[in-house]
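1. sharing a model that was predicted from the sequence below.
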Amino acid sequence: MTKGIGFDIVGDIHGHADALERLLGRLGYTDSGDGYSHPSRQMIFVGDFIDRGPQQSEVLAIARNMCSKGSALAVLGNHEFNAMGWAMSDGNGGYLRPHTPKNLTQHRAFLDQLNEGSAAYISAIDWFRTLPVYLNLEGLRIVHACWHQPSFDLLRPHLDSRNRFTRDGFVSANRKGSDIARAAEIVLKGPEIALPPPSSFVDKDGHERREARIKWWDGSATTFRLAAIGADPDALPDTPIGSGYLYDTSKPIFFGHYWLRGAPELTSASAACLDFSVARSGYLTAYRWSGENQLHAANLVSVPAAPD
Ligand SMILES: [Mn+2]
């Protein structure tokens, strides 16, 4: 399975196949008519292949082909997790992910493009079931939203030997309010922590929130004020958040999910968020990893959502 020591880790694609093909070209992957490959390197996808963008079938065709030929590895994103839940009966006449208007809005482009219920749709859902929740490789780690060993430990009985949800495990992970559902949420959507009362802040959609997503990858983000994402720091207390989610930095961690804005930059020497919002006219970004323990910004390779 392993071709060498070179991995090119790619952020959230969300149905943007043109950008993916431009990035593959920049990285020296070529399509010989049999799918994209590189003579000495492998790609790793951090998940969130689908929803939002206009070319979701094309993205899946490229990624699935690369994974089946050994040219790429991939992990599960929250959008694939949600797609599996949308497709799976709850045994009570409903679905594991309820077909509410809000959930439909988030998923409609995928349902339309894949033609919900078609053979292609069912095949896509079956492929999502084969994606591991995380990859712990020699020298690097990959997860969609948060590397958190206690959550992996909680999930362990619900995963197979290759870290993929078992059928029963997936049902458990959709049981709202359970420890297993919380663990799945932490690793696929990122941890949220309760603010000390009476603190709250108003998020970008104008909703008052009493919980904040945190920069679990930043060892210096030790207080609510420093660690919260998407909140006005002045609205938050300068009190410790505790170290339960902070990354141990023993191996470089690569992840996506956070919709970062602006020109791609390296998160830190031991962490790289690769989601630079290609689905919001940002960039599709890869990190070219060749065995180093300290990451370098010079190894980021990006293409804009639309070519100039
Ligand atoms: Mn995501």
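-> Cool, got the structure.
2. can you name the residue of the chain nearest the ion?
-> The minimum distance from the chain to the ion, using Cβ to the ion, falls at His257 (3.8 Å). Placement of C-beta: from N, CA and C, glycine included.
3. now do the same for the nearest residue to Gly190 once chain neighbours are set aside: its pLDDT.
-> Excluding its sequence neighbours, the residue lying closest to Gly190 (Cβ to Cβ, 6 or more residues apart in numbering) is Ala145, at 4.2 Å. Listed pLDDT for Ala145 reads 98.
4. go ahead and confirm Ala145 touches Phe254.
-> No. Under the criterion of Cβ atoms under 8 Å, Ala145 is not in contact with Phe254, lying 11.6 Å apart.
5. which stretches of the stretch 1-150 of the chain form helices?
-> 17-26, 56-68, 78-87, 101-114, 119-128, 149-155 (DSSP state H, counting those that start in this stretch).
6. show me what the second one is packed against.
-> Meaning helix 56-68. Here helix 56-68 touches helix 17-26, strand 36-37, strand 72-74, helix 101-114, helix 119-128, going by 3 or more Cβ pairs under 8 Å, 6 or more residues apart in numbering; DSSP states H and E.
7. how far off helix 119-128 does it point, in degrees?
-> Going by axes from the mean of the first three to the mean of the last three Cα atoms, to 10 degrees, helix 56-68 is angled at 40 degrees with respect to helix 119-128.
8. packing partners of the helix or strand encompassing Arg213?
-> Assigned by DSSP states H and E, Arg213 belongs to strand 211-214. Helices and strands touching strand 211-214, by 3+ Cβ pairs under 8 Å, 6+ apart, are strand 192-194, helix 224-227, strand 228-229.
9. how does it look with 7 Å?
-> In this structure, strand 211-214 packs against strand 192-194, strand 228-229, with contacts taken as 3 or more Cβ pairs under 7 Å, 6 or more residues apart in numbering; DSSP states H and E.
10. what residue ranges in the stretch 51-200 of the chain score low on pLDDT?
-> Counting by pLDDT under 70, the stretch 51-200 of the chain shows no low-confidence range.
11. quick revisit: of the helices and strands packed on strand 211-214, flag the one that's most buried.
-> strand 228-229 (a mean of 20; mean count of other Cβ atoms under 10 Å).
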